[in-house]
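*Asks:* need coordinates for the following:
(chains A and B)
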Number of protein chains: 2
Amino acid sequence: MNIPRSSSPRIVIIGGGFGGISLAQKLSKKDVQVVLLDKNNYHTFQPLLYQVSTGGLEPDSIAYPLRKVLIGYENFFFRLAEVTEIIPEKKILNTTIGELCYDYLVIATGSKTNFFGNTELEKNAMAMKSIPQSLNLRSLILENFEQALLTDDYHERAALMNFVIVGGGPTGVELAGALAEIKKGILPKDYPDLDTRRAQINLIQGGERLLDAMSEQASRKAEEFLEKLGVQVWKNTRVTGYDGKTVTTKTDLTFESATLVWAAGVMGATIKGLDAKELIAGGNRINVNEFNQVEGYPEIFAVGDIACMQSDDYPRGHPMMAQPAIQQGKHLGKNLIRLLDGKPMEPFSYFDKGSMATVGRNKAVCDLKRIRFQGVFAWFVWMFVHLFFLIGFRNRMVVFINWVYNYVRFDREARLIIRPYRRNYSQFKD
Amino acid sequence: MNIPRSSSPRIVIIGGGFGGISLAQKLSKKDVQVVLLDKNNYHTFQPLLYQVSTGGLEPDSIAYPLRKVLIGYENFFFRLAEVTEIIPEKKILNTTIGELCYDYLVIATGSKTNFFGNTELEKNAMAMKSIPQSLNLRSLILENFEQALLTDDYHERAALMNFVIVGGGPTGVELAGALAEIKKGILPKDYPDLDTRRAQINLIQGGERLLDAMSEQASRKAEEFLEKLGVQVWKNTRVTGYDGKTVTTKTDLTFESATLVWAAGVMGATIKGLDAKELIAGGNRINVNEFNQVEGYPEIFAVGDIACMQSDDYPRGHPMMAQPAIQQGKHLGKNLIRLLDGKPMEPFSYFDKGSMATVGRNKAVCDLKRIRFQGVFAWFVWMFVHLFFLIGFRNRMVVFINWVYNYVRFDREARLIIRPYRRNYSQFKD
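*Replies:* Numbering: from 1, shown residues only, chains lettered A, B, ... in the order given. Next up, the predicted model:
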């Protein structure tokens, strides 16, 4: 891999998400060699992926080149690579571009979509965990409407304009809201020759309420917002299959749809060699102690979605969101320096800043520590917070410009089929 | 195709480039039905494609949804389709989505890359005529450097960092300049562990001088600018082949390179059924009279790159650039209305606003009608003109923000490998 050994210890970070880059930044200009590995050459700001899928933002505005993260720091090395195996006994990684040894290893691989073993769903559903996936969904949504124009078959047209989103967490709620706004504000203008009032957006939630990690007040209000926008919410409904045409559920309820978006679960993106049963907690996450250390491997750490740090307050680990990843990354950065200085590490404690989700224009829900609020102000807070955490000044400016434009003009101009998503969508007539 | 016949005559426009949309806009709210066909659902601002390839602009900022072009005009229909054949006798088009009849037909299909029949070049060279092609080139450039890091083989690394651009017109000059700026401003920071001083940018021109459609003064100055930036310019050099490793020329001169960009020629993108020899002029363009009418087909017209309107001033037709397309589109719009009103059409006359090309930061060349100038002022004029002709307010804002950022920070943040371009690039060692 052509990375020279320096006199400083080598810390290898797998993954350039929130956890990985927060950690890397803390290590800058300390007496360590930092090697960052990622399968992409950019950081993805995942909370805004749904806006890429729905044409509100260009993909490049929520991506940030990973080589810029520690720009100017001489002992920083980035490699575009996927890690295929960890061999802790030898302190070695196998990757797609060769072998690499480490002194300290930090796993920050995040999470991936969890289809709970349902291969039919995995094959036919759209996921939204990466920029290419989000662009595929953007293309498919637009292609559906272009195709709906061409058919005289009532059922086929209905299925093409019928969107099923599975999962009532923030991703599902935000995507459903954005689609509803497109239906209302853009489709009638773009497709005057199509009866777009017939387009349907269905949001399916397995449990009792939407946004079940938030307060009941937020759940109730989010549902109210969605219904105002015309989203059909199905609670207590479990999707069991999707063959590309028909969505089946545990009951008799079915949906004829050309598009199923799966936002119903994520799981830790573990790596071979460190995935032994005794290491893994619920959700396929790696168990770590209060120092983000993997039990039994003093030189291996994990941060973010992949790490499960159980405590009294968080018996199943911290929520798989940006904030715990950022805080753990920063904290581990300090701890690694302490460790190298021969000082004892300090336990991590999570500061819950609250959580929020947006449903649409002027419609968001916020649960902060002491205060809960919904509506216009929540929406502005949501935007401000997302702009603040977005990486890179240029990205912030471009996203800001887009939001102002979209707000003032009720528009989303990135409704572009740059790369058609050729799905084997057979005609519904057959 | 589900387009209802109205009482107004149907004008079908093939192609949503500069010519097609300028024409469509002129027809808005006249008593005609406008059907616009394009294989993409967006207009591409081709003059800035090279900035997408070099990470200076996001692709979405130079694309504009075609359905927005005549938004709000009821008798406008857009269809995402490729025309496979014109049957003038029946006034019918065959397309990828079915048959369509027309009363008037306007061919505005533009041009495509001309490899002059060299299939080996066509297979191995990168072209830059569309957004996906430009994104492929962006990925390949970045992948080359990632790969160069991994090899110990001197020749392989050199070939990966050796860029050959064939064609000394505006596209070639602008791309070479942008790559040289990347080499100077970004590579040393992004790849501190690679000796990027060894990266080479070669610009190959078949003729005597670069920008040979412009003044000698502009050519000379452009070459001077390029040399200042470290681009190696090869004049009077004809490339004969490229097997993916070695670029051959008419002489003994060869280049070992992993990337050849072909910007050495375009040709009209004709359509079957209207491509009979007697209709076609040099450069595979369709001969039209002074009303943009195809000889022998009173109801068929052609505008833009595809149209060859020979005159005393332009014995080989107008230059294949945005300006003639825009002017012809607008003019034909007026003429079609006159024709429908029973008035005689007016001959087209081209108003040459001049031409310009940019080499890099503060470095551009302008030939206007009475005045020629180069350098900083020319560069500002170039930017202003391109912002002015860019379609869409949001696009202008986003491009402007990017340019200001890139200028102030000497940066290009869209250096993202969103979709890897997996070329069969075999190791140079073999």
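
*Asks:* distance of the residue in the stretch 151-300 of chain A positioned nearest to chain B from B:Ala258?
*Replies:* As assessed by CB to the nearest CB, chain B sits closest to A:Asp190 within the stretch 151-300 of chain A, at 4.3 Å. All C-beta spots, glycine's among them, are computed from the backbone N, C-alpha and C. Computed as CB to CB, to the nearest Å, the A:Asp190 to B:Ala258 distance reads 42 Å.

*Asks:* who has more neighbours, those two?
*Replies:* B:Ala258 (24 against 20; other CB atoms under 10 Å in any protein chain shown).

*Asks:* I'd say the more buried one and B:Ala159 touch.
*Replies:* Yes: the criterion here is CB atoms under 8 Å, and B:Ala258 meets it with B:Ala159 at 5.0 Å.

*Asks:* in contact with the residue of the stretch 151-300 of chain A closest to chain B, which residues?
*Replies:* The contact partners of A:Asp190, taken as CB atoms under 8 Å, 6 or more residues apart in numbering or on different chains, are A:145, A:415, B:65, B:67-68, B:71.

*Asks:* any chance of the residues you listed in a markdown table with neighbour count as columns?
*Replies:* Shown next, in a markdown table, are the contacts of A:Asp190 (neighbours: other CB atoms under 10 Å in any protein chain shown):
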| residue | neighbour count |
| --- | --- |
| A:Phe145 | 23 |
| A:Arg415 | 23 |
| B:Pro65 | 26 |
| B:Arg67 | 24 |
| B:Lys68 | 20 |
| B:Ile71 | 14 |
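
*Asks:* what is the nearest of those residues to A:Lys343?
*Replies:* A:Lys343 has its nearest neighbour among the contacts of A:Asp190 in A:Arg415, at 54.3 Å by CB to CB.

*Asks:* make sure that closest one is indeed in a strand.
*Replies:* No: counting by DSSP: H, G, I helix; E, B strand; the rest coil, A:Arg415 falls outside a strand, being coil.

*Asks:* please name the residues that touch it.
*Replies:* A:55, A:138, A:142, A:186, A:190, B:41, B:65, B:67.

*Asks:* just the helices from the stretch 301-430 of chain A, written as ranges.
*Replies:* In the stretch 301-430 of chain A, the segments counted as helices under DSSP state H, counting those that start in this stretch are A:322-340, A:376-389, A:393-409.

*Asks:* give the full set of residues in contact with A:Asp38.
*Replies:* With contact taken as CB under 8 Å, 6+ apart, A:Asp38 is in contact with A:14-16, A:20, A:66, A:78, A:80-81.

*Asks:* how many neighbours does A:Asp301 have?
*Replies:* Quick fix: residue A:301 reads Phe, not Asp. That count, for A:Phe301 with other CB under 10 Å as the rule, works out to 28.

*Asks:* who does it bridge with?
*Replies:* With DSSP bridges as the criterion, A:Phe301 is bridged to A:Val106, A:Gln293.

*Asks:* A:Leu105 is in contact with that one, correct?
*Replies:* Yes: look at A:Phe301 against A:Leu105 with CB under 8 Å: they come within range, at 7.1 Å.

*Asks:* among the contacts of A:Asp38, which ones lie close to chain B?
*Replies:* A:Leu80 (CB under 8 Å from any CB of the partner chain).

*Asks:* any chance of the contacts of A:Asp38 in a markdown table, plus neighbour count and distance to A:Ala176?
*Replies:* Shown next, in a markdown table, are the contacts of A:Asp38 (neighbours: other CB atoms under 10 Å in any protein chain shown; distance: CB to CB, whole Å):
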| residue | neighbour count | distance to A:Ala176 |
| --- | --- | --- |
| A:Ile14 | 27 | 33 |
| A:Gly15 | 30 | 29 |
| A:Gly16 | 26 | 29 |
| A:Gly20 | 27 | 30 |
| A:Leu66 | 25 | 31 |
| A:Phe78 | 26 | 37 |
| A:Leu80 | 23 | 35 |
| A:Ala81 | 19 | 36 |
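
*Asks:* for the contacts of A:Asp38, which one is nearest chain B?
*Replies:* Among those, A:Leu80 lies closest to chain B (CB to the nearest CB), at 4.6 Å.

*Asks:* returning to what we had before: which of the contacts of A:Asp190 fall in strands?
*Replies:* Among these, the members falling in strands (DSSP state E) are B:Pro65.

*Asks:* Throw the contacts of A:Asp190 into JSON lines and include pLDDT and distance to A:Leu211, thanks.
*Replies:* JSON lines is the format used below for the contacts of A:Asp190 (pLDDT from 0 to 100; distance: CB to CB, whole Å):
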{"residue": "A:Phe145", "pLDDT": "96", "distance to A:Leu211": "29"}
{"residue": "A:Arg415", "pLDDT": "96", "distance to A:Leu211": "27"}
{"residue": "B:Pro65", "pLDDT": "97", "distance to A:Leu211": "32"}
{"residue": "B:Arg67", "pLDDT": "96", "distance to A:Leu211": "34"}
{"residue": "B:Lys68", "pLDDT": "94", "distance to A:Leu211": "34"}
{"residue": "B:Ile71", "pLDDT": "87", "distance to A:Leu211": "35"}
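
*Asks:* and the gap between the residue of the stretch 151-300 of chain A closest to chain B and B:Pro192?
*Replies:* 47 Å.

*Asks:* how many residues are close by the closest residue to A:Lys26 other than its chain neighbours?
*Replies:* Nearest residue to A:Lys26, sequence neighbours excluded (CB to CB, 6 or more residues apart in numbering or on different chains): A:Gly333, at 2.4 Å. Per other CB under 10 Å, the neighbour tally for A:Gly333 reads 23.

*Asks:* what residues are up against A:Gly333?
*Replies:* Contacts of A:Gly333 (CB under 8 Å, 6+ apart): A:22-27.

*Asks:* nearest to B:Ile204 among the contacts of A:Arg415?
*Replies:* Looking at the contacts of A:Arg415 and their distance to B:Ile204, the nearest is B:Asn41, at 35.5 Å (CB to CB).

*Asks:* hang on, that closest one packs against A:Ile141?
*Replies:* No: using CB under 8 Å, B:Asn41 is not in contact with A:Ile141; the gap is 11.6 Å.

*Asks:* how much space between the residue nearest to A:Lys26 and A:Gly19?
*Replies:* According to CB to CB, A:Gly333 stands 10 Å off from A:Gly19.

*Asks:* contacts only, for A:Asp367.
*Replies:* Neighbouring residues of A:Asp367 by CB under 8 Å, 6+ apart: A:214-215, A:217-218, A:354-356.
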